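Engineer: Sequence unavailable; structure follows:
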């Protein structure tokens, strides 16, 4: 049996097992494929990213929108340990024929999604000390029609723990990255990149439950 036939059999077996497995396995399989496709697009044609940076207290410093961008460790600053782990925190954002080099402060980048924290903060003065779940409860009340059919909420915080971004989706998966201090997410087939951030992924059912029970702590 040649390699081509073996590859087809292995692929078909994996797909069959995935389709016959529970929903959590489906999500991980499709998350893997989505992540692979997004990584490929990022390194070949680039992704249409919105890139935002924040200070320690979660205040937005700047924001840029690029039609085609790729984020990676700066090659000149790259330094790996004996196990091949990246030690440099210097990253490049390549867009068009330009390059932005960044290190230190919190950065997020995303495509094809809405940052609900940006929308919410336009008309609500957020108390810096307000806890995460009460804040999400308030957002849920504001965006109930948009959130009702979603299964997961991703809240991203600055290095001081202040909420800076909220995204929602049915299929959310978290991927490791070769870049230090960075995490990649796929949210319904879209890319979310977080650098020097804290984050929590909540089940939407817990947010709805806390709203219904009027939980504030």
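Structural biologist: Good, I have the coordinates. Given the structure is predicted, the values throughout are model-derived calculations rather than measurements.
Engineer: State the distance from the most centrally placed residue in the chain to residue 208.
Structural biologist: The C-alpha lying nearest the average C-alpha coordinate of the chain belongs to residue 192 (Cα atoms, centre = their mean; 3.0 Å). According to Cβ to Cβ, to the nearest Å, residue 192 and residue 208 sit 22 Å apart. No exception for glycine: its C-beta is placed from N, CA and C like everyone else's.
Engineer: can you check residue 110 too?
Structural biologist: Relative to residue 208, residue 110 is positioned 24 Å away (Cβ to Cβ).
Engineer: the more surrounded of these two?
Structural biologist: Counted by other Cβ atoms under 10 Å, residue 110 and residue 208 do not tie: residue 110 has more neighbours, with 23 against 15.
Engineer: Look up the closest residue to that one, ignoring the ones flanking it.
Structural biologist: residue 192 (4.6 Å; Cβ to Cβ, 6 or more residues apart in numbering).
Engineer: Please give me every residue in contact with that neighbour.
Structural biologist: Contacts of residue 192 were listed using Cβ atoms under 8 Å, 6 or more residues apart in numbering, and they are 108-110, 113, 154, 167, 184-186.
Engineer: beta partners for it?
Structural biologist: Counting by DSSP bridges, residue 192 is bridged to residue 110, residue 185.
Engineer: Tell me which stretches of the chain form helices.
Structural biologist: 3-20, 23-44, 116-121, 132-142, 144-147, 204-212 (DSSP state H).
Engineer: Among those, show the one with the smallest mean pLDDT.
Structural biologist: By mean pLDDT, the lowest-scoring of these turns out to be helix 3-20, with a mean of 40.
Engineer: Show the model's pLDDT score for the residue nearest to residue 110.
Structural biologist: 97.
Engineer: can you tell me which residues contact residue 76?
Structural biologist: No contacts exist for residue 76 under Cβ under 8 Å, 6+ apart.
Engineer: domain assignment for the chain?
Structural biologist: Structurally, the chain divides into domains by automatic domain parsing as follows: 3-43, 50-212.
Engineer: which of the ones you listed is buried the deepest?
Structural biologist: domain 50-212 (a mean of 16; mean count of other Cβ atoms under 10 Å).
Engineer: which residues does the nearest residue to residue 168 once chain neighbours are set aside contact?
Structural biologist: Distances taken as Cβ to Cβ, 6+ apart place residue 150 nearest to residue 168, at 4.3 Å, with adjacent residues excluded. Residues in contact with residue 150, defined by Cβ under 8 Å, 6+ apart, are 168-170, 204.
Engineer: can I get those in CSV with distance to residue 94?
Structural biologist: Formatted as CSV, those follow (distance: Cβ to Cβ, whole Å):
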residue, distance to residue 94
168, 29
169, 26
170, 30
204, 35
